[in-house]
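S.K.: any chance you could fold what I've pasted below:
(one chain, ligands or ions: 1)
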Amino acid sequence: MITKTPDVTRVTNRHRSSEATSQEDQCCGTSPTVVSCYDLLDLVFPVCGLTDLTDGMYHGDPAVSYQQAQRNQAEWLLDQVKCSANSRLLDVGCGYGRLLEAARQRGAQALGLTVSPRQVASCRQRGLDARLLDYRELDGSWDGEFDCIVANGSMEHFVQPRDAALGWQEMVYRQLFQDCHRLLDPASPSGRMVATVIHFHRFRPDPQDLLKLPCRFPMLSDRFHLALLERVMGGYYPSNDQLVRCASPHFDLVGQVDGTEDYRRTSEEWLRCVRRSFISWKTAPRLLKRLVPRLLHRPLHTSFAISLLFTASWQWQFRGADPPMRLLRLVWQHRNATLPPLHESPDDDRCHTLVGPSSFASQQFA
Ligand SMILES: C[S@@+](CC[C@H](N)C(=O)[O-])C[C@H]1O[C@@H](n2cnc3c(N)ncnc32)[C@H](O)[C@@H]1O
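M.R.: The predicted model follows:
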């Protein structure tokens, strides 16, 4: 049973103190932009009838509906981690809980983490176990508590452009996989982890460009889209086999599927649906009622987000014959064997000294 009840009302805030002196404080915790992103999406998406925040699985079939594709994705992910009755599943970034619900239907015990209070409330209303918790806060007392882990569209938020500019991207991923490895029960018949993650594909942008205002770049250029997305969503993607490399001390890659076309279809559906909702007499008043106060409270973030309806920057990522990004679904098997030491690189050194699980996590729980 997953019985632990940590403080569920807390999300560590990245850069929470302007006087943060240690590098830990600078590179760990949830980015305020990521929290803002879901604060805003939670106001808009459910009104538009959208309760999924990542790609569905269409299997190349034009007849598959949006809802069916989302169900397909949840079932596929659960199959990959061999989720069955009594499996203990951790969903890192559970959104509105579709996967938690599908796991419950299989008789599994599923725990979801999210940085959005509204997503927690939505899941709990349906009796799902969701907690307002950054994955980095799962301390040593959670070690070995899970049979399998899913991260469906959350890893994109774990590294920020500032981290990448400082050369910390690999450190964050290595620490992530080290944490996931200790959370999994070594005796579990599953020991699997699956993630769907957007990757930089056509080029790897300079992280400094993402920190600039979009208006610094030609309208609708690659760098314009990237800077706008960063303002609204927060995050710097991995590239090529970066995750596989960072996972390798702890996990063996057992499956990889390209889902770029699936994400393109999902994203186009989102855009159509949200645009339609803004001009529908049924939904437009509700959207305005929610967005006007937010516009007054967070004018810049809200305006940038609304502009995505016109620039289609999110959709730009997956459009064209050679899209700038690609979506990979990656399946890993936990390694039970004695672990080799992490490679001796500057990144690894930081990994141990800055974000070691015991030091950082226990600090958060203290
Ligand atoms: C793109 S949404 C995907 C949600 C859900 N998996 C789905 O398919 O609809 C990303 C999710 O990751 C969560 N998230 C982002 N950063 C996180 C972190 N550091 N720890 C835990 N959850 C995080 C967000 O709150 C959100 O629920």
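S.K.: enumerate the residues of the stretch 151-300 of the chain near the ligand.
M.R.: Within the stretch 151-300 of the chain, the positions lying close to the ligand (C-beta under 6 Å from any ligand atom) are 152-154, 157-158. Every C-beta, even on glycine, is put in place using the N, C-alpha and C of the backbone.
S.K.: what do you get if the cut-off is 8 Å, keeping everything else the same?
M.R.: The stretch 151-300 of the chain comes close to the ligand at residues 151-154, 156-158, 196, as judged by C-beta under 8 Å from any ligand atom.
S.K.: in helices, which of those residues fall?
M.R.: Per DSSP state H, helices hold no members of those.
S.K.: a markdown table for those, including pLDDT and neighbour count?
M.R.: What follows is those, written out as a markdown table (pLDDT from 0 to 100; neighbours: other C-beta atoms under 10 Å):
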| residue | pLDDT | neighbour count |
| --- | --- | --- |
| 151 | 98 | 24 |
| 152 | 98 | 24 |
| 153 | 98 | 21 |
| 154 | 98 | 24 |
| 156 | 98 | 23 |
| 157 | 97 | 21 |
| 158 | 98 | 26 |
| 196 | 98 | 25 |
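S.K.: how about those in CSV, adding distance to residue 183?
M.R.: Converted to CSV, those look like this (distance: C-beta to C-beta, whole Å):
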residue, distance to residue 183
151, 12
152, 16
153, 19
154, 15
156, 20
157, 19
158, 15
196, 19
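S.K.: please narrow the residues you listed to those residing in strands.
M.R.: Among those, the ones falling in strands (DSSP state E) are 151-152, 196.
S.K.: what's the closest of these to the ligand?
M.R.: Comparing these against the ligand with C-beta to the nearest ligand atom places residue 152 closest, at 3.8 Å.
S.K.: counting by contacts, list what the longest helix seen in the chain packs against.
M.R.: Counting residues, the longest helix found in the chain (DSSP H) is helix 260-279. The elements that helix 260-279 packs onto, with contact taken as 3 or more C-beta pairs under 8 Å, 6 or more residues apart in numbering; DSSP states H and E, are helix 66-80, helix 284-297, helix 299-311, helix 313-316, strand 325-334.
S.K.: winner for burial among those?
M.R.: Among these, strand 325-334 has the highest mean neighbour count (mean count of other C-beta atoms under 10 Å), at a mean of 22.
S.K.: residue 121: helix or strand, and which one exactly?
M.R.: helix 117-125 (DSSP states H and E).
S.K.: after that helix, which helix or strand is next?
M.R.: According to DSSP H and E, the helix or strand after helix 117-125 is strand 129-132.
S.K.: could you tell me how many residues sit around the closest residue to the ligand within the stretch 251-366 of the chain?
M.R.: Nearest residue of the stretch 251-366 of the chain to the ligand (C-beta to the nearest ligand atom) works out as residue 266 at 9.9 Å. By other C-beta atoms under 10 Å, 26 other residues sit near residue 266.
S.K.: before we move on, what about residue 101?
M.R.: Around residue 101 there are 17 residues (other C-beta under 10 Å).
S.K.: I figured it was touching residue 126, is that so?
M.R.: Yes: counting by C-beta atoms under 8 Å, residue 101 does reach residue 126; the two are 6.8 Å apart.
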